[in-house]
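# Sequence plus predicted model, see below.
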Amino acid sequence: RWQKELSLIRHDMGWIIDWFKYHQNEWEKRGCQATRPGHQAYAHQQALMWGRFVNDAEKTFNGCQYILVFATKNVIG
């Protein structure tokens, strides 16, 4: 049961990062397509925000990988 839970957690962590990357890419595309400076600036800020989400999630989840490996080896056996 714990193995399944850990598998789901790992999957969710990857999915979240992919979701953030998707939004970052979408806003980058919108920024390239925008014709007004205000729209370009807004899209750029949104892309930066989603990029920060990506970086923060990657840092946070990489720190969790040790805990998940430890739990798999020591708790689950």
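That came in fine, so what should we check first?

# CA only for contacts and neighbour counts going forward, please
Fine.

# which element is N55 on?
Per DSSP states H and E: N55 is located in helix 37-71.

# and that helix, what other elements does it pack with?
helix 2-33 (3 or more C-alpha pairs under 8 Å, 6 or more residues apart in numbering; DSSP states H and E).

# Can you list the buried residues in the helix it packs on?
Going by neighbour count (16 or more other C-alpha atoms under 10 Å), the buried part of helix 2-33 is 13, 17, 20-24, 26-28, 30-31.

# Turn the residues you listed into JSON lines, including pLDDT and distance to L48.
Listed next are those as JSON lines, based on pLDDT from 0 to 100; distance: C-alpha to C-alpha, whole Å:
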{"residue": "M13", "pLDDT": "93", "distance to L48": "20"}
{"residue": "I17", "pLDDT": "97", "distance to L48": "15"}
{"residue": "F20", "pLDDT": "98", "distance to L48": "11"}
{"residue": "K21", "pLDDT": "98", "distance to L48": "11"}
{"residue": "Y22", "pLDDT": "98", "distance to L48": "13"}
{"residue": "H23", "pLDDT": "98", "distance to L48": "10"}
{"residue": "Q24", "pLDDT": "98", "distance to L48": "7"}
{"residue": "E26", "pLDDT": "98", "distance to L48": "12"}
{"residue": "W27", "pLDDT": "98", "distance to L48": "9"}
{"residue": "E28", "pLDDT": "98", "distance to L48": "9"}
{"residue": "R30", "pLDDT": "98", "distance to L48": "13"}
{"residue": "G31", "pLDDT": "98", "distance to L48": "11"}
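
# What average pLDDT does stretch 64-77 get?
The average pLDDT within stretch 64-77 is 65.

# which residues touch D56?
D56 makes contact with no residue under the criterion C-alpha atoms under 8 Å, 6 or more residues apart in numbering.

# Off-centre distance for stretch 19-38?
Relative to the chain's own centre, stretch 19-38 is displaced by 17 Å; criterion: C-alpha atoms, centre = their mean, to the nearest Å.

# For that stretch, which outside residues touch it?
Residues contacting stretch 19-38 (C-alpha under 8 Å, 6+ apart): 39-44, 46-51, 53-54.

# What subset of those residues is buried?
40, 43-44, 46-47, 49-51, 53-54.

# quick check, nearest of the contacts of stretch 19-38 to S7?
In terms of C-alpha to C-alpha, no member of these lies closer to S7 than V54, at 20.8 Å.
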